[in-house]
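Novice: Return a 3D structure for these sequence lines:
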Amino acid sequence: MSATGIELFAGLFLALFFGAEIFKNTVGPFIIWRVQKPPAEIRFESLEESDFTPETVAALTAWDEPLQALGFRPVGLSKMLGNRVNTCFRLFWNPTLRKSATVICGRVSYLEFSQLYTDGSVLTVSNSPVQGAFPALDFKLYYRYPQMREAAPLAEIHEKLRAKFKPDAEALEIGEAGPLAKLERYIRRESDALVERGLVHEEIDAEGRRALTLRGAFAMTYRSIGPGKQIWARLTARRSAAALREA
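Specialist: Model prediction:
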């Protein structure tokens with residue numbers, strides 16, 4: 001191929017590449033705006049392992065032994081129906097620490113430790129390989145360490161961050177309703193906060209979902225596709241690393 005041919009090919013490739021990225025970032029938000037509806041009201045049903053595929057059960061139970069060694073006991077198994085993908089949960093509770101551990105299996109599988117406090121805040125540490133689709137919320141302290149593939153080091157990070165950022169906060173007991181009800185209340189609270197930020201509409205449909213505002217669609221899109229996805233991932237990774245260094 002001649003030098004001119006190579007230049008033409010490279011130019012065509014760059015035009016197609018950047019054209020596709022521009023198209024996704026300009027048209028994508030409007031598609032998301034029409035099709036995506038984040039959950040607001042969820043009623044989790046306690047399920048049995050037989051209700052899931054063997055592959056899902058394997059992913060959900062992979063953390064059983066290390067979590068039970070840390071004092072967590074399994075207390076619930078459920079799933080949330082999504083627009084395209086169902087998300088499955090296996091919940092654990094440590095009554096001594098008043099802390100939950102949740103194994104999530106959806107598009108990706110990961111583990112997170114969470115602790116609710118009487119002041120209304122929550123501290124969560126996760127090893128999710130993907131960042132959240134919305135901006136951070138005031139009451140939600142969320143730190144992500146995807147390189148941590150074992151339960152004990154991730155739990156230790158949670159303890160370090162709690163000692164640094166919530167040293168005097170009192171952990172909240174889950175109450176008689178149990179961890180699934182706690183998760184339901186948290187999802188509604190998070191949804192209400194998104195309404196206050198102008199990211200979703202206040203009305204809740206028959207399926208317990210809220211439609212995105214156009215602002216919310218842009219916020220979700222730019223955190224879900226490139227180049228915003230990579231930028232957002234880098235920023236959240238730096239924030240999490242800085243928080244751990246300060247602990």
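Novice: Do you know the pLDDT at the most centrally placed residue in the chain?
Specialist: When Cα atoms, centre = their mean is applied to the chain, the residue found nearest the centroid is residue 132 (5.1 Å). For residue 132, the pLDDT comes out at 82.
Novice: what about the strands in the chain?
Specialist: Counting by DSSP state E, the chain has strands at residues 73-80, 87-94, 99-105, 109-116, 122-126, 140-144.
Novice: what would those look like in TSV with mean pLDDT, mean neighbour count and distance to residue 186?
Specialist: Glycine gets a C-beta too; all of them are placed from N, C-alpha and C. Shown next, in TSV, are the strands of the chain (pLDDT from 0 to 100; neighbours: other Cβ atoms under 10 Å; distance: least, Cβ to Cβ, whole Å):
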stretch	mean pLDDT	mean neighbour count	distance to residue 186
strand 73-80	88	18	12
strand 87-94	92	21	12
strand 99-105	94	22	10
strand 109-116	95	22	8
strand 122-126	96	22	7
strand 140-144	94	20	9
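Novice: Excluding sequence neighbours, find me the nearest residue to residue 66.
Specialist: If you skip the residues right next to it in sequence, residue 66 has residue 151 as its closest partner in space, 3.9 Å away by Cβ to Cβ, 6 or more residues apart in numbering.
Novice: One more: residue 80?
Specialist: Using Cβ to Cβ, 6+ apart and skipping residues adjacent in sequence, the residue nearest residue 80 is residue 87, 4.8 Å away.
Novice: ok, back up a step: surely the residue nearest to residue 66 meets residue 70?
Specialist: Yes - with contact defined as Cβ atoms under 8 Å, residue 151 counts as touching residue 70 (6.3 Å).
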